[in-house]
Every structure is written in C-alpha cells, then in structure tokens.
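quick one: sequence plus predicted model below, questions after.
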Amino acid sequence: TSPVKIEVETRSGHVIYTGYGPAHSGIESDVWNMTYTGPRKMDFGHYWMSHGPKGFMGPSVAPGTYRIRVSVDGHAAMTLAKVVADPRFHISEARYVAQRNAGLELSSMITAMDTLLDRIHSMQGELAAFRATVGRDPRLKGRFGAVLQSGSRLNHKLEALLVSVYNPKRQHNVSEGSLRNLVRLHQKIINTYTLVIGNYAQPINHRIRRMIDHRRAELEAALNRFNGLLETSVAQYNRLAYASKAPTLMAGPPLAIESVTP
C-alpha cells in the first residue's frame, strides 16, 4: 500500500504543504505545523545548526481557512481547517501577510542559492571524475589533453563563484565558526530568513525590507554570473568534449529566483 499523501491547500487550490503518513489499518495521525513547505536543502556541505534532515521549516501561514486533502491508492477525502490568530495579541491581518510574503520570498532565494551550489558542486565532481579516469591511463592523456586543460580553466571559474557566496572552510555545525571564517552570501540569506520567520508575526519594517532587497540583488548577480558561465565556458567545454568523444557536463537550464504563490 502506498503511503497516505496529505496536502494543505489555500481556498484557491494552491498546494502549500505536502506530507506523507503511514497507511496502516486503524487510527493514524499526522501533525501540520501551520507552515508552508520550506526551501530545498543543498545536497552537500552543512548548514550552521542544521534545521534537521528535511531542511528548513517554511514560513507560517496567515490566519484563514485551508483545505486539507488526504489521498491513498486512488481514494481521497477532504476537510477544512481554520487557522486563527493568537488571541493574546491584537495584530492586523496585514502584518501576518507581510511576514508570510517576506518569508516566501526568502525561501525562494534559499532554494535558488542551494540549487546554484549543487549545480556547481555537481559539475566540479564530473570534471574531477573525468580527470581521475584519464590520469589512470597514460594513453588517454595525449588524446584528451585539450579537454583536460579546458576543464581545469572551467573548474577554476566554478570554484571562484562558489567560494564568493559560500565559505567551505567554515565549521557550519558550530555557532562560533564564523569568528574565524566569515559567513558569505549563502549564510547571510539564511540568517535573514531566520530573522523573518523566527518570531510570531514579525513586523517587516523598512530595515528588514532593505536587507531582503540587498540580499536579493547580490543573489541575482551570482545567478547571472553562473548563467553567463553556462552560455560561455560550460558550452565551450561541452563542444570540445563532444568533438573529442569525452563525457560532457550535465549543465542544466539557467537559474532564477522563482516567485512563490501565497
């Protein structure tokens, strides 16, 4: 039997959370913590004080009515759930919405950043694997010498981009790690995200908004730099590798910060 799929939707039908539970006979339970699905987590490296194996928690939903859909093996059931504001505080709906929207924007930025790092790391791994294969057979060095030189130049450019936004020397599982090896854009975006979603109905004042805009501009510059490499150095390497009958790189499409529907 397939696991039970649990989806939380807005009244307009947009899925904001997906979870899975056991499909055993009897009474089962699952807890939705009233948040959106969080940003993706990169496949290598570490976060400071990791937020668990599934990555980060998503932003809190704004008070309102949500649709809960449960499905398994072609059968589905639906009910409504109402999220209410904490009655101890008198906070406007606009403030909840502003925090949610800022959190979703930063969540999308983390996803774009982690995808960027994964793509760089993957291509570097492919280049290293080919270099190791050729290195084990002296007969291949002459045949693929030009490809190896092109790969070395490309790897240098990829490494320069990676370390400009992510500090691999930092102890990412130690809070004091930044005292010796400073954080870079990757961690700065995460820190801003934590600031925005970490407190109940966190007001998004002009200082926080300016911080988000600054981080977004820096990230867009890094993504543009990566996309430029895809169009130039990566494309040149793949053309040379293909002509030499060497493995080409799985480069993938250009990257951008995706918009998220509330």
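In hand now; what should we look at?

where in the stretch 51-200 of the chain is pLDDT low?
By pLDDT under 70, the low-scoring segments of the stretch 51-200 of the chain are 51-55, 170-182.

all strands of it, in order?
64-72, 75-83 (DSSP state E, counting those that start in this stretch).

just those: most buried one?
Among these, strand 64-72 has the highest mean neighbour count (mean count of other Cβ atoms under 10 Å), at a mean of 15. Just so you know, the C-beta spots here come from the backbone N, C-alpha and C atoms, and that holds for glycine as well.

hmm, back to that, can you add distance to Gln149 and give the strands of the stretch 51-200 of the chain back as a markdown table?
Listed next are the strands of the stretch 51-200 of the chain as a markdown table, based on distance: least, Cβ to Cβ, whole Å:
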| stretch | distance to Gln149 |
| --- | --- |
| strand 64-72 | 54 |
| strand 75-83 | 57 |
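
how about the helices in the stretch 51-200 of the chain?
93-135, 138-143, 145-165, 185-197 (DSSP state H, counting those that start in this stretch).

now the helix or strand following the last one and helix 145-165, what's the angle there?
Which is helix 185-197. Heading C-terminal from helix 185-197, the first helix or strand you meet, by DSSP states H and E, is helix 206-229. On the basis of axes from the mean of the first three to the mean of the last three Cα atoms, to 10 degrees, helix 206-229 is oriented at 180 degrees to helix 145-165.

which elements pack onto helix 206-229?
Contacts defined by 3 or more Cβ pairs under 8 Å, 6 or more residues apart in numbering; DSSP states H and E place helix 206-229 against helix 93-135, helix 145-165, helix 185-197.

any idea which of these is most buried?
Among the helices and strands packed on helix 206-229, helix 185-197 has the highest mean neighbour count (mean count of other Cβ under 10 Å), at a mean of 20.

for the helices of the stretch 51-200 of the chain, give me CSV that also has distance to Arg40.
As requested, the helices of the stretch 51-200 of the chain are exported to CSV (distance: least, Cβ to Cβ, whole Å):
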stretch, distance to Arg40
helix 93-135, 5
helix 138-143, 37
helix 145-165, 16
helix 185-197, 13
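
Val61 is nearest to which of the ones you listed?
helix 93-135 (6.6 Å; Cβ to Cβ).

helices and strands around the closest one, which ones?
helix 138-143, helix 145-165, helix 185-197, helix 206-229.

of all these, which lies closest to Leu116?
Comparing the helices and strands packed on helix 93-135 by Cβ to Cβ, helix 206-229 comes nearest, at 5.7 Å.

tell me which of the helices and strands packed on helix 93-135 lies nearest to Ala76.
helix 185-197 (30.6 Å).

just the C-alphas of the closest one, formatted as CSV.
Taking Å, rounded to 0.1, in the frame of the first residue of the first chain, the C-alpha atoms of helix 185-197 are listed here in CSV:
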residue,chain,number,x,y,z
LEU,A,185,26.0,35.3,1.0
HIS,A,186,24.6,31.8,1.4
GLN,A,187,24.6,32.1,5.2
LYS,A,188,23.5,35.8,5.1
ILE,A,189,20.3,34.8,3.2
ILE,A,190,19.7,32.0,5.7
ASN,A,191,20.2,34.4,8.7
THR,A,192,17.8,36.9,7.2
TYR,A,193,15.2,34.1,6.6
THR,A,194,15.6,33.0,10.2
LEU,A,195,15.1,36.6,11.4
VAL,A,196,11.9,37.0,9.3
ILE,A,197,10.2,33.7,10.2
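
give me the contact list for that helix.
Contacts with helix 185-197, where a contact means Cβ atoms under 8 Å, 6 or more residues apart in numbering, come from 39, 47-48, 56-60, 99, 102-103, 106-107, 109-110, 113-114, 117, 164-167, 170, 178, 183, 202, 204, 208, 211-212, 215, 218-219, 222.

if you set the cut-off to 6 Å instead, what comes out?
If you take Cβ atoms under 6 Å, 6 or more residues apart in numbering as the criterion, helix 185-197 is touched by 59, 102-103, 106, 109-110, 113, 165-166, 202, 211, 215, 218.
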